[in-house]
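Asker: Below is the sequence, then the predicted model.
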Amino acid sequence: MKQVFVNGSINDLNASSVEYNGVSFSGLGTGLTWSGTESFRYAVVPTDGTFRNLIVELSGTPGAGNSYAFVLMVNGSPSTLTTTISDSETSDSDQANDVAVSAGDIVSIRVTPTSTPTVQTAKWSFEFEGDTANESIIMGNFSPQTNAIRYGNPSGKTQMFAIGVALEDVMLRPIGDSKTGTFEGIQFEMDAVVDGELVEFKSTRMGVKRMTNDFPIGYYRQLLGYMKMQGVLRAKFTVMFIIPAELITWEVEVTQEELDRNWEWVVGRRDLRNRFVETGEIPQPFTFNEDYECKDCPFKMLCDIEAAKDGN
Ligand code: SF4
């Protein structure tokens, strides 16, 4: 299973010293800052797999003649997965090199400044693929205390399931099975169907009030799409809110007209997608998508780079 790690620093890069950070998001606390000591930031790989696709974006340019070089460190040595952001660039990536790691290896990201670059903050992401099918990992980092015995979980902080699929399994499997298939050429995976009744499950860091006042259009489209496939006008929509913790189930009821109007949109997207697959063309970034889709899209940095090349 492929998964994407994302991370970013809350403090500036150092313009003159080599520093380290975690490869993946660490939750809260000091793990998001750069450190001159790698052992304060590295994480232990729990399973064999491969890191690839290092993408880094800075808050601004390093300036003419200057650069920041980023590299995945494995067991204290730089790997071949590396990218350098120079001069007037604000982002770059290494999508050519794969780095195999084994369970027990330690990994971090290292940044090396050259020629006193302009101070910036950085965001980065990696792809990780475990050697074992369907295996994914949770891997944060934490800042160890040197003056006392401390205990922490693998991510350094209290952590719930980071992966929606795992959470769905825990919450929904006791009451019903998921349903997968293809309907009018569109693949689907409903979270659970209980005695013929559709149950869609989400977890979110969005607040209850915001969800109620500004229901995410993506959730709406997905839910109504599944209702169309099931041929129902009613469904249950359950949301687990993280902060503050809350579990709410809405009974959703729509008209046939609402369902059909939404389905027209879904089918339009299917046709667009098929057209590009058939022609082999790559869709122009930020042209065919809905705005909300870019917000948390793991490919956003790539699209930003492509759009910048086209001068958009
Ligand atoms: S960022 Fe993602 S959703 Fe937005 S255009 Fe690029 S690929 Fe599509």
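Answerer: Arrived safely, thanks for sending. Numbers count the residues shown, from 1 in each chain.
Asker: need the residues of the protein near the ligand, please.
Answerer: Contacts of the chain with the ligand, taken as C-beta under 6 Å from any ligand atom, map to 285-286, 289, 293-294, 297, 299-300, 303. The way it works is simple: take the backbone N, C-alpha and C, and place the C-beta from them, glycine included.
Asker: Please pick the buried ones from these.
Answerer: Taking 16 or more other C-beta atoms under 10 Å as the criterion, what is buried in those is 285, 300, 303.
Asker: so how many other residues sit close to the residue of the stretch 101-250 of the chain found nearest the ligand?
Answerer: Among all residues of the stretch 101-250 of the chain, residue 218 sits closest to the ligand, at 10.9 Å; criterion: C-beta to the nearest ligand atom. By the criterion of other C-beta atoms under 10 Å, residue 218 has 14 neighbours.
Asker: What about the closest residue to it other than its chain neighbours? Give its phi and psi, please.
Answerer: Spatial nearest neighbour of residue 218, excluding adjacent residues (C-beta to C-beta, 6 or more residues apart in numbering): residue 292 at 5.7 Å. With angles defined as degrees, to the nearest 10, residue 292 sits at phi -60, psi -20.
Asker: count of residues packed around residue 44?
Answerer: For residue 44, the count of nearby residues is 12 (other C-beta under 10 Å).
Asker: and the gap between it and residue 13?
Answerer: Between residue 44 and residue 13 the distance is 25 Å, computed by C-beta to C-beta, to the nearest Å.
Asker: List the contacts of residue 101.
Answerer: Contacts here follow C-beta atoms under 8 Å, 6 or more residues apart in numbering; on that basis residue 101 touches 45, 48-51, 74, 107.
Asker: Please read the previous query as pertaining to residue 304.
Answerer: Residues near residue 304 by C-beta under 8 Å, 6+ apart: 57, 91, 285.
Asker: element containing it?
Answerer: Counting by DSSP states H and E, the element that carries residue 304 is helix 300-309.
Asker: Please name the bridge partners of the residue in the stretch 51-200 of the chain that the ligand sits nearest to.
Answerer: Nearest residue of the stretch 51-200 of the chain to the ligand: residue 55, at 12.1 Å (C-beta to the nearest ligand atom). Legend: beta-bridge partners of residue 55 under DSSP bridges are residue 93, residue 125.
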